[in-house]
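Colleague: Compute the structure for the input listed below.
(chains A and B)
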Amino acid sequence: MLDIKYLRNNRDEANQRLLDRNVADGVLDQLLADDEKRRSLIKEVEQLKAKRNQVSDQIGAAKREKDDVSAKKAIADMQLVSDQIKDLDQQVTAIDKIVHDQEAQLPNLADPRVPVGPDDSYNVEQRTWEPANLSGRPAAFSKTPDWLKPHYDIGEDLGILDFERGAKVSGARFLYYVGAGARLERAIYNFMLDEHRREGYTELLTPYMVTNESMYATGQFPKFVDDAYEVGKDQAMTMIPTAEVALVNWRRDEIMDESELPLYITALSPAFRQEAGAAGKDTRGLIRLHQFNKVEMVKFTKPEDSYDELEKMTVNAENILQKLELPYHVIRLSTGDMGFGSAMTYDLEVWFPTQNKYREISSVSNDEDFQARRAHIQYRDGDGRLHFVHTLNGSGLAVGRTVAAILENYQNEDGSITIPKVLRPYFGEDKIDQEHRN
RNA sequence: GGAGAUAUGGCAGAGCGGUAAUGCAGCGGACUCGAAAUCCGCCGAACCGAUGUAGAGUCGGCGCCGGGGUUCGAAUCCCCGUGUCUCCUCCA
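Modeller: Next comes the predicted model:
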């Protein structure tokens, strides 16, 4: 949610910044016109209410003094006023909803440092990273050896990924991990959670179904209802599309103590997404699923600290890739490519040798006070004043895509997979092949 | 799933149709070399509107779990929800 007072007082600037976020021209004008209507109605009804309160006082006093005549007259007057109030209140409720519905559709404004552009072609690469010693593994931008198989093929060959039966049981974009595949997934997220705990994040296990209020508070609703799985007969519930929803809402409607900030939390969870309209051929295998595991990081910070914390969180995500020795780069998303609630986003993209390109594996965002306004998360400073916190979220990392990246980057000519060193204590073995696949 | 109880300020806790007691905590002051104790005063979240601003302030609305209703007037009466607690039931 944007600050309506900012929109009112900085109309031209706000309009330009909304245009940068691909919001149609005229949307802000409409909102502000309705906002003005709303405020003038409120003013009108509040004046009547003030009068009613005043006269009601007099009625009470008159009754105490047994002055029935003037009480009766005042009551008759107030019946009229009361009717007017009722009518105006209805108008206020209606315009309130209209204004609010428009506000809820507006994305966050981008930080001035974000490159302006309508789509992902305006994203800017920040840095690339590749392990010093690849030990014969394919390097970024090098020629891919002919024997190298896409992760979904090598996974099926080894019998550790079962897409066919996943489709039988649940439809397209579902799968079973089998034996060493399931264990690899488990090794990876345990490793990730341990790393984040060491970095100061508190691990949470969260609900996987949330109310629609929660989805609204983090910005998924109302705009992206079609992307979510809604369940429940009596009460509408939604399967979380990311642990971010459960993590940020953990502190919804709360006033935090200044001493709690910054607060770091993390969770592993499945993420459920309809992926409506996302059909495409380069999304085979583990890249785009209706259900996938992800380790998510969330921070609540003071406003003045949030951009430092964004850099740190990005480093936390990079650390995972570096320890796994996977080549990646970091890009800063343009105004047109960022998520709805974000003011600045870094994406981490990992190298996929069979596709000869980087693919997204993590997205780290500073939402500033956008979610905090919707979710009512504030903190009290030393002077007792209230401020909205800033919220940040980042994947650390998408687990399924990490499996995919390992199956490609650590693949050997004989069809085996070397387990990254750092995962061996978690996995228990140093490779997967036809003899070691359970 | 069934039955009952309960929901008021940071906390405790009255009020049960005339517009939120009181205590503790907090803030300011007096007393004191200082502190404690005592005394005096202030303080009812959040939110919205007007005015105004360096910050503030002032006025009004709203405000007693949420949403409706009755009434000139609702914390109080009526209806529909929700959370929490206890007992039973069911489970992992």
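Colleague: Return the residues in contact with the residue in the stretch 301-438 of chain A that RNA strand B sits nearest to.
Modeller: Using Cβ to the nearest atom of the strand, the closest approach of the stretch 301-438 of chain A to RNA strand B is made by A:L386 at 5.4 Å. Backbone N, C-alpha and C define where each C-beta goes, glycine included. For A:L386, the contact set (Cβ atoms under 8 Å, 6 or more residues apart in numbering) comprises A:255, A:378-380.
Colleague: same question, A:L348
Modeller: Residues counted as contacts of A:L348 (Cβ under 8 Å, 6+ apart) are A:314, A:317-318, A:321, A:328-330, A:360-364, A:397.
Colleague: make it 10 Å
Modeller: Contact analysis of A:L348 by Cβ atoms under 10 Å, 6 or more residues apart in numbering lists A:129, A:314, A:317-318, A:320-321, A:326, A:328-331, A:358, A:360-364, A:394-398.
Colleague: Could you do A:V350 as well?
Modeller: Per Cβ under 10 Å, 6+ apart, neighbours of A:V350: A:140, A:321, A:324, A:326-329, A:358-362, A:397-398, A:401-402, A:404-406, A:408-409.
Colleague: Show me where chain A has its helices.
Modeller: For chain A, helices defined by DSSP state H occupy the ranges A:4-9, A:11-20, A:27-64, A:68-105, A:151-157, A:163-170, A:180-198, A:212-217, A:243-249, A:306-323, A:370-375, A:399-409, A:424-427.
Colleague: Please name every helix or strand in contact with the last one.
Modeller: Think helix A:424-427. The helices and strands touching helix A:424-427, judged by 3 or more Cβ pairs under 10 Å, 6 or more residues apart in numbering; DSSP states H and E, are helix A:180-198.
Colleague: do you know which of the helices of chain A lies nearest A:K223?
Modeller: Ranking the helices of chain A by proximity to A:K223 (Cβ to Cβ) places helix A:68-105 first, at 5.9 Å.
Colleague: ok now that closest one, how far from the chain's centre?
Modeller: The chain centroid and the centroid of helix A:68-105 are separated by 39 Å under Cα atoms, centre = their mean, to the nearest Å.
Colleague: Up against RNA strand B, what does chain A have?
Modeller: Taking Cβ under 7 Å from any atom of the strand, the part of chain A that reaches RNA strand B is made up of A:4, A:39, A:42-43, A:45-47, A:49-50, A:52-53, A:55-57, A:59-60, A:63-64, A:75, A:78-79, A:81-82, A:93, A:235, A:255, A:376, A:378, A:385-386.
Colleague: Find the closest residue to RNA strand B in the stretch 1-150 of chain A.
Modeller: Ranked by Cβ to the nearest atom of the strand, the top residue of the stretch 1-150 of chain A for proximity to RNA strand B is A:S56, at 2.7 Å.
Colleague: who's in contact with the closest residue to A:G181 other than its chain neighbours?
Modeller: Take A:G181 and drop its neighbours on the chain: the residue closest to it by Cβ to Cβ, 6 or more residues apart in numbering is A:I160, 3.1 Å away. Listed by Cβ under 10 Å, 6+ apart, the contact set of A:I160 reads A:154, A:176-185, A:403, A:407, A:417, A:432, A:437-438.
Colleague: One more: A:V422?
Modeller: Neighbour list for A:V422: A:187-188, A:191, A:195, A:320, A:322-325 [criterion: Cβ under 10 Å, 6+ apart].
Colleague: about what we covered before: can you say which of the contacts of A:I160 are buried?
Modeller: The neighbour-count test (16 or more other Cβ atoms under 10 Å) applied to those identifies A:154, A:176-178, A:180-181, A:183-185, A:403, A:407, A:417, A:432, A:437 as buried.
Colleague: And stretch A:109-117, how far out from the chain middle?
Modeller: Going by Cα atoms, centre = their mean, where stretch A:109-117 is centred and where its chain is centred differ by 18 Å.
Colleague: same check, this time on stretch A:39-54
Modeller: On the basis of Cα atoms, centre = their mean, stretch A:39-54 sits 40 Å off its chain's mean C-alpha point.
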